[in-house]
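**Student:** Could you look at this predicted model? Sequence included:
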Amino acid sequence: MMIVYNLFFLIFSLLLTYSFLFLFRVVLIKTGLIYFVKKKWLSIEDCFLVYQFFRVPEFNESMQRNKLYHKVLVYLNSLTSIEDSDFTNLFTGKKPNEIILRLDPSQIIVDEFLGAKIFWINEEKFLVLKIRKADKRRVLRPYLQHIHTVSDEIDEKNRELKLYVNVVDNHDDRKGRWRSVPFTHPSSFETLALESDLKNKVKSDLSSFVKAKQYYHRLGRVWKRSYLLYGPSGTGKSSFIAAMANFLSYDVYDIDLSKVSDDSELKFLLLQSSTKSLIVIEDLDRYLTEKSTAVSLSGILSLMDGILTSSCGEERVMVFTMNGKDHVDPAILRPGRIDVHLHFPLCNFSSFKTLANSYLGLKDHKLFQQVEEIFQNGASLSPAEISELMIANRNSPSRALKTVINALQTDGDGRAASNIGRRSVEENGEPSGTFYKEAINAEEFKKLYGLLRVKRCRQSQSSDLISRQNEGCR
Ligand SMILES: Nc1ncnc2c1ncn2[C@@H]1O[C@H](COP(=O)(O)OP(=O)(O)OP(=O)(O)O)[C@@H](O)[C@H]1O
Ligand SMILES: [Mg+2]
């Protein structure tokens with residue numbers, strides 16, 4: 001009897017203890033008492049542990065901004081533990097619907113690194129790092145290095161891109177100067193109707209370029225890469241440059257050669273440009289053939305060789321655009337000066353379908369077959385012309401397609417001639433949209449060194465005719 005009684009008493013007291021603990025936990029969590037207990041526990045721990053404090057002031061003794069302060073702030077604001085801080089500010093971010101958290105003054109944030117707990121206190125005008133003395137030697141240096149790396153990555157991601165254009169400032173003794181505006185062009189490789197293989201190759205070429213600093217230095221070469229984008233007007237060359245800048249997160253320096261007074265000014269402008277930038281010269285063929293710039297050919301060649309830029313850092317991508325490269329001095333086009341040649345053709349059926357999909361949301365349509373036949377007959381328009389017609393009729397896809405068909409049948413017929421021109425380029429061993437790096441075929445090689453110049457002179461009359469026909473179509 002006694003044993004049964006004792007057993008019953010034991011079970012009863014166990015149940016009671018369990019219910020009490022359960023209730024205690026619920027009360028702790030629901031009332032927020034748990035945070036109070038945690039805080040108290042930390043302050044008790046503080047009495048037994050020896051901490052060391054490091055202050056990161058916002059300004060140095062000369063009242064210049066302390067870069068480390070900015071880096072630490074960027075790093076702390078990116079931590080998820082900021083949400084656990086007692087008081088956090090909410091702001092709208094740069095992207096739509098983005099909300100960002102910012103630490104409030106006098107708040108403490110806890111971080112963990114290599115198994116050590118690190119506390120940050122946000123005081124006005126400085127941040128205080130609190131770390132256990134026992135952990136300091138092992139953790140502090142790698143932790144600060146980690147902060148550098150993370151904040152640099154965040155800064156890089158959030159960096160606002162800029163578009164620089166050169167202007168003539170008559171009131172300034174200095175030569176041409178850059179003016180900048182935020183670069184907000186929304187173009188991306190995804191939005192451009194071009195062969196996906198070509199886009200992928202350019203993306204991987206750019207990615208491998210940005211990682212190749214050591215490689216270029218080992219070879220004793222300037223760390224730069226040059227692209228030539230050539231093709232008729234409205235085929236997406238400028239949009240492609242914007243897509244490159246967005247892909248690389250590089251600023252764009254758009255040089256207007258007509259505003260550059262001589263070679264030394266070009267040099268000055270380049271010395272003022274920063275690394276991680278796209279140096280762009282649009283319509284280079286026009287400047288060269290019309291001689292509408294005061295910059296000499298050798299000034300342009302030096303720019304292409306990177307001689308002018310090597311003194312102020314590197315990591316530059318140069319992009320030149322041309323409507324055609326037939327009349328351009330071969331010295332400009334030689335490998336090393338232009339690393340990648342990209343041809344931007346007029347629309348074909350495949351790029352038309354991409355445009356129809358993005359502008360009209362059409363994957364297929366009964367009129368597509370008719371459009372395909374028209375393209376097969378050699379008619380074409382530029383993607384710019386076709387996309388404009390689609391935008392204007394976007395509320396009625398069928399009407400949009402009929403308008404495009406109509407335009408192809410009337411205006412597009414004149415382009416058949418330029419399509420023949422385009423095919424002749426393909427016959428020269430460089431198919432449209434071809435991506436070729438340093439490698440050139442024998443035909444191109446002969447062309448480069450003037451062996452085909454005589455032949456081209458004879459051809460120039462006919463190609464001039466083609467371009468005149470093109471002009472007439474626009
Ligand atoms: N391949 C394409 N895919 C999607 N849109 C295109 C394409 N090509 C041109 N467009 C559209 O046409 C317009 C004009 O294009 P863009 O200015 O890039 O042509 P461009 O080749 O630089 O012409 P230009 O030689 O006259 O400067 C842009 O609004 C762009 O969106
Ligand atoms: Mg353009």
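**Tutor:** Structure received. Ligands and ions are numbered 1, 2, ... in the order given.

**Student:** Please name the nearest non-neighbouring residue to Thr403.
**Tutor:** Leaving aside its chain neighbours, Thr403 sits nearest to Leu389 (4.9 Å; criterion: C-beta to C-beta, 6 or more residues apart in numbering). Bear in mind the C-beta positions are built from the backbone N, C-alpha and C, glycine included.

**Student:** count of residues packed around the closest residue to ligand 2 within the chain?
**Tutor:** Closest approach between the chain and ligand 2, counting by C-beta to the ion: Ser238, at 3.2 Å. Counted with other C-beta atoms under 10 Å, the neighbours of Ser238 add up to 18.

**Student:** Repeat that for the one 3 residues further on.
**Tutor:** As a burial measure, the neighbour count of Ile241 was computed by other C-beta under 10 Å and equals 23.

**Student:** So it lies in a helix, does it not?
**Tutor:** Yes - according to DSSP: H, G, I helix; E, B strand; the rest coil, Ile241 belongs to a helix.

**Student:** before we move on, the earlier item: for the one helix or strand the residue of the chain closest to ligand 2 maps to, what is the average pLDDT?
**Tutor:** Assigned by DSSP states H and E, Ser238 belongs to helix 237-248. Helix 237-248 shows a mean pLDDT of 95.

**Student:** what do you get for stretch 325-341?
**Tutor:** The average pLDDT within stretch 325-341 is 90.

**Student:** Would you mind listing the buried residues in that stretch?
**Tutor:** Of all the residues in stretch 325-341, those buried under the rule 16 or more other C-beta atoms under 10 Å are Lys325, Asp326, Val328, Ile332, Leu333, Pro335, Arg337, Ile338, Asp339, Val340, His341.

**Student:** now swap in stretch 299-307 and tell me
**Tutor:** Buried residues in stretch 299-307, counting neighbours by 16+ other C-beta under 10 Å, are found at Gly299, Ile300, Ser302, Leu303, Met304, Gly306.

**Student:** And it, how far out from the chain middle?
**Tutor:** Remark: stretch 299-307 is offset 25 Å from the chain centroid, using C-alpha atoms, centre = their mean, to the nearest Å.

**Student:** thought Phe209 was touching Val317?
**Tutor:** Yes - assessed by C-beta atoms under 8 Å, Phe209 is found in contact with Val317 at 7.0 Å.

**Student:** out of those two, which sits in the busier spot?
**Tutor:** Of the pair Phe209 and Val317, Val317 is the one with more neighbours under other C-beta under 10 Å, namely 25 against 19.

**Student:** list the contacts for the residue lying closest to Leu79 once chain neighbours are set aside?
**Tutor:** Among residues not flanking Leu79 along the chain, Asp111 sits closest, at 6.1 Å (C-beta to C-beta, 6+ apart). Taking C-beta atoms under 8 Å, 6 or more residues apart in numbering, we find Asp111 in contact with Leu76, Leu79, Ser81, Lys117, Ile118, Phe119, Trp120.

**Student:** Looking at the residues you listed, spot the one nearest Leu362.
**Tutor:** Closest to Leu362 out of the contacts of Asp111 is Leu79 (46.0 Å), distances taken as C-beta to C-beta.
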